[in-house]
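Participant: Got a predicted structure here, sequence first:
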Amino acid sequence: MIRFEGVHKSYSAAGREAVALHPLDLEIRAGEVFGIVGHSGAGKSTLLRLINGLETPSGGVLTVDGQRLDTLDGDGLRALRRRVGMIFQHFNLLSAKTVIDNIAFPLRLAGVSKAKAHARAQELLVRVGLEAHRDKYPAQLSGGQKQRVGVARALATEPKILLCDEATSALDPQTTASVLQLLDGINRELGLTIVLITHEMDVVRRVCDRVAVLDAGHLVESGPVSEVFLHPQHATTRRFVAESDDVDEAAQHDDIAHVEGRLLRLTFTGEATWQPLLGRVSRETGIDYTILSGRIDRIKRLPYGQLTLAVTGDHFDTAAQRFADAGVHVEEIAR
Ligand SMILES: Nc1ncnc2c1ncn2[C@@H]1O[C@H](COP(=O)(O)OP(=O)(O)OP(=O)(O)O)[C@@H](O)[C@H]1O
């Protein structure tokens, strides 16, 4: 659906070239929710703005919905933008227009009659759960409601791709959850491809299928969220995951120093998450364990658990093998 082949982007500012994105290869598949995570300045917005042609690559080939963007003229680009909707951190609603007029606006711009545009906007209002707010102005809405209007407006032209630019960063945790749920529903019911950029790994964990991690313009890691989140390889990714787990790594290191035994990290996914394995392996092998940290949650709809144990007793290797045989990912952590 979206393919970056050696795409890079530099800006020239005050006579100097600044690299925002180093050459990268990336494929975003039709119908998936793809997350791009990175700190401020990593190049996330640049990457997103390349997809809808708001920025032009400095080199490489970018293909969106089967079309190489460098072959499109003005009309081609405008047609592409109708197939690529976008929502924003600060919603970007028109303050002088009502909710229904905001949603109908892209259709009116495209020359659709007022009656038809309003009929379509009304359907979208229902989809995002804002029927009761139809004639209000943006200033009369909460942040979550404004973002729902943003989503409805982005869907007005029936795009195939929805770009989300830090869409939940201005929202409280509960509202964030409800907007992410809305995006998840849209992805499933309409089959829309969603690309979202965020600085929060937790947003990625909740809705994305795959993720790419950007660090200072470099794509440092990418893959299925369950892989990248549970087994991060790059230091930047590990920091994002630790932040989302709310782990104070220094304090955890101090705690671990005082505990006896070898350290084992167990990662359970799917069915294994709900089995009483710890007790069983402990009984069968005679090992003892202290739980140093743990979390049970979901990655999108996949249940997972991750536990760090300090293990004492003579049969560490046998116990590790029993866990592995039960489908648990086992990793010994060096002290
Ligand atoms: N129009 C521009 N002109 C010059 N430099 C730019 C321009 N837009 C972005 N940059 C630079 O490119 C780099 C990447 O910026 P970008 O906005 O893509 O990062 P980001 O990850 O989205 O950051 P943030 O989360 O803060 O928005 C930064 O160093 C930024 O200063």
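Facilitator: Great, that's in hand. Numbers count the residues shown, from 1 in each chain.

Participant: What does the pLDDT read for the residue of the stretch 51-200 of the chain found nearest the ligand?
Facilitator: Residue nearest to the ligand within the stretch 51-200 of the chain (C-beta to the nearest ligand atom): residue 199, separated by 6.0 Å. Backbone N, C-alpha and C define where each C-beta goes, glycine included. Listed pLDDT for residue 199 reads 93.

Participant: Pull the contacting residues for the closest residue to it other than its chain neighbours.
Facilitator: Using C-beta to C-beta, 6 or more residues apart in numbering and skipping the chain neighbours, the partner closest in space to residue 199 is residue 39 (6.1 Å). Going by C-beta atoms under 8 Å, 6 or more residues apart in numbering, residue 39 touches 199, 215, 236.

Participant: Check the burial of the second one by counting its neighbours.
Facilitator: In terms of burial, residue 215 registers 19 neighbours under the definition other C-beta atoms under 10 Å.

Participant: and if you look at the first one?
Facilitator: Residue crowding around residue 199 was assessed by other C-beta under 10 Å; the count is 15.

Participant: hmm, back to that, tell me the contacts of the residue of the stretch 51-200 of the chain closest to the ligand?
Facilitator: Counting by C-beta under 8 Å, 6+ apart, residue 199 has contacts 37, 38, 39, 40, 44, 166, 169.

Participant: how near is the last one to residue 334?
Facilitator: When C-beta to C-beta, to the nearest Å is the yardstick, residue 169 and residue 334 sit 36 Å from each other.

Participant: Who has more neighbours out of the two?
Facilitator: Neighbours around residue 169 and residue 334, counted as other C-beta under 10 Å, are more numerous at residue 169. The numbers are 15 against 5.

Participant: Helix, strand or coil: sort out the more buried one for me.
Facilitator: coil (DSSP: H, G, I helix; E, B strand; the rest coil).

Participant: can you pull the contacts of it?
Facilitator: 89, 198, 199, 200.

Participant: Can you select the buried ones from the residues you listed in PyMOL?
Facilitator: Restricted to buried positions by 16 or more other C-beta atoms under 10 Å, the PyMOL selection for the contacts of residue 169 reads:
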select buried, resi 89+198+200
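
Participant: From residue 43, how far off is the residue lying closest to residue 140 once chain neighbours are set aside?
Facilitator: Leaving aside its sequence neighbours, residue 140 sits nearest to residue 133 (C-beta to C-beta, 6+ apart; 7.7 Å). Per C-beta to C-beta, residue 133 is found 36 Å from residue 43.

Participant: Repeat that for residue 317.
Facilitator: Distance from residue 317 to residue 43, by C-beta to C-beta: 44 Å.

Participant: Also residue 254?
Facilitator: From residue 254 to residue 43 the distance is 35 Å (C-beta to C-beta).

Participant: Same question for residue 11.
Facilitator: Residue 11 is 11 Å from residue 43, by C-beta to C-beta.

Participant: Comparing those two, which residue is more hemmed in?
Facilitator: residue 43 (24 against 12).

Participant: didn't that one look like it was pressed against residue 214?
Facilitator: Yes. In this structure, residue 43 is within contact of residue 214 by C-beta atoms under 8 Å, at 5.2 Å.
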